[in-house]
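*Asks:* The sequence and its predicted three-dimensional model are supplied below.
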Amino acid sequence: MKHNYDVVVIGAGPAGLASAIEAKKSGADKVLVIERDREPGGILLQCIHNGFGLHTFKEDLPGPAYAQRFIDEAHALGIDFLLDTMVMEITPERQLWLSSAHKGYFSIDAKAIVLAMGCRERTRPQIRIPGMRPAGVFTAGTAQRWVNVQGYMPGKRFVILGSGDIGMIMARRLTLEGAKVESVLEVQSYLSGLMRNYVQCLEDWVVPLHLRHTVKRVIGKNRVEAVEAVAVDEKWQFIPGTERMIPCDTLLLSVGLIPENELSKKAGILLSPVTGGPIVDQNFQTNLPGIFAAGNVVHVYDLVDYVSEAGNQAGHGAALFANGTLSKPQKSIKVNAGKNVRYVVPQFLDPQALKDEAIVLQCRVTQPIEEDVWFEVRSESQSIVRRSDRYARPGEMVSVKLTPSMFDDVLKAGELFLDIYAKSEA
């Protein structure tokens, strides 16, 4: 165990593992990964379904197999791991204070840090569901861990609130285990997760999805006995007369994920009010020099392959910073969320970086556009790039690439805007 490292990565999920590996390959000699769990892999260890690695490995893998490939490579490269250890604090000077049962309370110094703490699920108090407080109300991720890792069934008859990917995947998983999933309720007028999960996990297993519906109250004293479902209007207000009782013994919540950024706030890292994650540049560097962030700690991704790609970028940037070869930008251009766009990552970029390699802008739309659509990056005075697609949906991340051929136009721009709109609006 050393007390000085070139790059320290917080979190051993897909973003953290990819960051550490890329940092090592990019010239960082001493790389450490800190993980609060007893083994690396993060959330992937409980995701036993297939669908991972299609972009990264051109294979269809379950979550643990995808994680193991990165774990094996990290060990082969000589990357250090500190498991069952909590990071209590990081400072702007890149000192980390840690706590573990084996080593007590101690500190480590780093030339560069990558934040890869992932995200957490919204809970019942955060969405304020009225009613009693019986047993049987869980987040979908908690139920996933119980069923897939620990071998426990949390109930027999389920209602799932929210059409997030974890909730839909658990609808299929629970059905396979013999449970009855009565309904999936979604307060929005559109799907929150990927369409492929709707088809494979709900439609194929005859699990009903009710859009613009929510849970009005939970019924039951010691254990959930039923939920009262209700339709909502455009402003999410209950529509009188649409209430109905759904008998069940378990309510699962799949109502959104929150980037895990308590450490970031304490260190003074600027967070986006929209994503809840750090504001970053094209290297995924935060406002504090030498502190980078990658994966779901920045914004919630739809595919793990994209999380790993973000980890690669952050790890590469961290290694360059640690080696003193990451140039300080002479000009920083703000990237704004434009028409029909909820947010854009990165929020700032150095136009000089575009001389040598492409920069990918990632975003999500505010509303689904189910027709031919334009994705356009523009300055205040001109269009820089525009590409088309068949649709745009909030559950699916959108990427637009800036290439070196656009360097002159980007350099001249005061700010950039990313707009998404139907071709019929052009």
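*Replies:* Everything's here; your move. Numbering: from 1, shown residues only.

*Asks:* low-confidence ranges in the stretch 1-150 of the chain?
*Replies:* For the stretch 1-150 of the chain, residues meeting the criterion pLDDT under 70 lie at 1.

*Asks:* where do the strands sit along it?
*Replies:* Taking DSSP state E, counting those that start in this stretch as the criterion, the stretch 1-150 of the chain carries its strands at 4-10, 31-34, 80-82, 85-90, 95-100, 104-115, 119-121, 137-139.

*Asks:* and if you look at the stretch 301-426 of the chain?
*Replies:* 333-337, 341-345, 348-349, 359-365, 373-378, 383-389, 398-402, 415-422.

*Asks:* Give the buried residues for the fourth one.
*Replies:* By that I understand strand 359-365. By 16 or more other C-beta atoms under 10 Å, the buried positions in strand 359-365 come out as 359, 361-365. No exception for glycine: its C-beta is placed from N, CA and C like everyone else's.

*Asks:* Distance of the residue nearest to residue 124 when sequence neighbours are not counted relative to residue 201?
*Replies:* Closest residue in space to residue 124, ignoring its immediate chain neighbours: residue 137 at 5.5 Å, by C-beta to C-beta, 6 or more residues apart in numbering. Using C-beta to C-beta, to the nearest Å, we find residue 137 at a distance of 21 Å from residue 201.

*Asks:* How far away from the center of its chain is stretch 399-407?
*Replies:* 24 Å (C-alpha atoms, centre = their mean, to the nearest Å).

*Asks:* do stretch 256-274 as well
*Replies:* Mean-position distance between stretch 256-274 and its chain equals 13 Å (C-alpha atoms, centre = their mean).

*Asks:* ok, what's across the strand from the residue nearest to residue 124?
*Replies:* As for beta bridges, residue 137 partners with residue 251 under DSSP bridges.

*Asks:* Tell me which of the strands of the stretch 301-426 of the chain approaches residue 16 most closely.
*Replies:* Among the strands of the stretch 301-426 of the chain, strand 341-345 comes nearest to residue 16, with 17.8 Å by C-beta to C-beta.

*Asks:* okay, the angle between that closest one and strand 398-402?
*Replies:* Orientation check (axes from the mean of the first three to the mean of the last three C-alpha atoms, to 10 degrees): strand 341-345 against strand 398-402 gives 50 degrees.

*Asks:* I'd like the strands of the stretch 301-426 of the chain as CSV, with distance to residue 251 and mean pLDDT appended.
*Replies:* Shown next, in CSV, are the strands of the stretch 301-426 of the chain (distance: least, C-beta to C-beta, whole Å; pLDDT from 0 to 100):
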stretch, distance to residue 251, mean pLDDT
strand 333-337, 34, 98
strand 341-345, 27, 98
strand 348-349, 41, 98
strand 359-365, 27, 97
strand 373-378, 36, 98
strand 383-389, 36, 96
strand 398-402, 32, 97
strand 415-422, 34, 98
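
*Asks:* and the closest residue to residue 81 other than its chain neighbours, what are its bridge partners?
*Replies:* Of all residues not flanking residue 81 in the chain, residue 33 sits nearest, at 5.2 Å (C-beta to C-beta, 6+ apart). Residues in a beta bridge with residue 33, per DSSP bridges, are residue 9, residue 81.

*Asks:* number of nearby residues for residue 33?
*Replies:* Number of residues near residue 33 (other C-beta atoms under 10 Å) recorded here: 26.

*Asks:* thinking again about what came up before, tabulate the strands of the stretch 1-150 of the chain (a markdown table), appending distance to residue 46.
*Replies:* Shown next, in a markdown table, are the strands of the stretch 1-150 of the chain (distance: least, C-beta to C-beta, whole Å):
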| stretch | distance to residue 46 |
| --- | --- |
| strand 4-10 | 20 |
| strand 31-34 | 19 |
| strand 80-82 | 19 |
| strand 85-90 | 20 |
| strand 95-100 | 23 |
| strand 104-115 | 22 |
| strand 119-121 | 13 |
| strand 137-139 | 12 |
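
*Asks:* so how far is residue 105 from the residue nearest to residue 124?
*Replies:* According to C-beta to C-beta, residue 137 and residue 105 sit 35 Å apart.

*Asks:* out of those two, which sits in the busier spot?
*Replies:* Neighbour count, other C-beta under 10 Å: between residue 137 and residue 105, residue 137 has more, with 23 against 10.

*Asks:* what sits against that one?
*Replies:* Applying C-beta atoms under 8 Å, 6 or more residues apart in numbering, we find residue 137 in contact with 124, 129, 218, 224, 250-251, 253.

*Asks:* Next, count neighbours for the closest residue to residue 56 other than its chain neighbours.
*Replies:* Nearest non-adjacent residue to residue 56, counting by C-beta to C-beta, 6+ apart: residue 305, 4.7 Å away. Residues lying near residue 305 (other C-beta under 10 Å) number 18.
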